[in-house]
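Peer 1: here is my input; please provide its structure:
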Amino acid sequence: MVIFVDTSAIYALLDANDRYHLLARSAWIEWIEQPVSFICSNYVLLESLALIQRRLGMEAAQRFVAEMVPVFRLRWIKPAIHMAALSAWLAARRRDVSLVDYTSFELMRQTGIYTVFTFDRHFAEQGFEVLPGPDTPTL
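Peer 2: Numbers count the residues shown, from 1 in each chain. Here you go, the predicted model:
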């Protein structure tokens with residue numbers, strides 16, 4: 001199984017006060033025991049690190065880099081993906097979906113990844129399978 005990992009899931013795993021922390025942790029523990037490939041883009045990694053640094057501090061950011069990042073297969077957003085995502089983002093004219101999300105959508109489509117670990121409803125709106133599950137409350 002291949003699962004794309006979004007910022008909302010990363011943050012929920014790290015912040016014990018996040019409303020999705022227990023759900024995220026439970027799913028992560030289950031998957032880590034299975035043959036799962038976790039894919040993350042450099043844009044999601046950057047967005048996650050900025051959020052972790054700002055809300056949880058540098059120690060949490062350092063733990064994330066040391067303990068979780070090595071589990072991810074990192075995919076770099078190439079110029080063609082960036083430009084396609086930028087065009088889609090501008091055309092959508094939505095304030096509630098980030099350019100990082102659009103790069104994730106584009107990368108996932110181009111690489112054939114249709115499953116995502118997230119708590120962001122925008123992935124489901126784009127037709128992706130959202131985990132931990134369909135009944136998961138989303139942002």
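Peer 1: C-alpha from now on. contacts and neighbour counts both.
Peer 2: Fine.
Peer 1: where exactly do the helices run in the chain?
Peer 2: Counting by DSSP state H, the chain has helices at residues 7-14, 21-32, 42-56, 58-63, 79-92, 99-111, 121-125.
Peer 1: nearest to Pro132, out of these?
Peer 2: Closest approach to Pro132 among the helices of the chain is made by helix 21-32 (6.1 Å; Cα to Cα).
Peer 1: how far away from the center of its chain is that closest one?
Peer 2: Remark: helix 21-32 is offset 14 Å from the chain centroid, using Cα atoms, centre = their mean, to the nearest Å.
Peer 1: okay, the angle between it and helix 7-14?
Peer 2: 100 degrees (axes from the mean of the first three to the mean of the last three Cα atoms, to 10 degrees).
Peer 1: can I get helix 21-32 as CSV, trimmed to CA atoms?
Peer 2: C-alpha atoms of helix 21-32 as CSV (Å, rounded to 0.1, in the frame of the first residue of the first chain):
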residue,chain,number,x,y,z
HIS,A,21,-4.2,13.2,17.6
LEU,A,22,-5.6,9.9,18.9
LEU,A,23,-7.1,8.9,15.6
ALA,A,24,-3.9,9.8,13.7
ARG,A,25,-1.7,8.0,16.2
SER,A,26,-3.9,4.9,16.1
ALA,A,27,-3.7,4.8,12.3
TRP,A,28,0.0,5.4,12.2
ILE,A,29,0.8,2.7,14.7
GLU,A,30,-1.4,0.2,12.7
TRP,A,31,0.3,1.2,9.4
ILE,A,32,3.9,1.2,10.6
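Peer 1: good, we can wrap up now.
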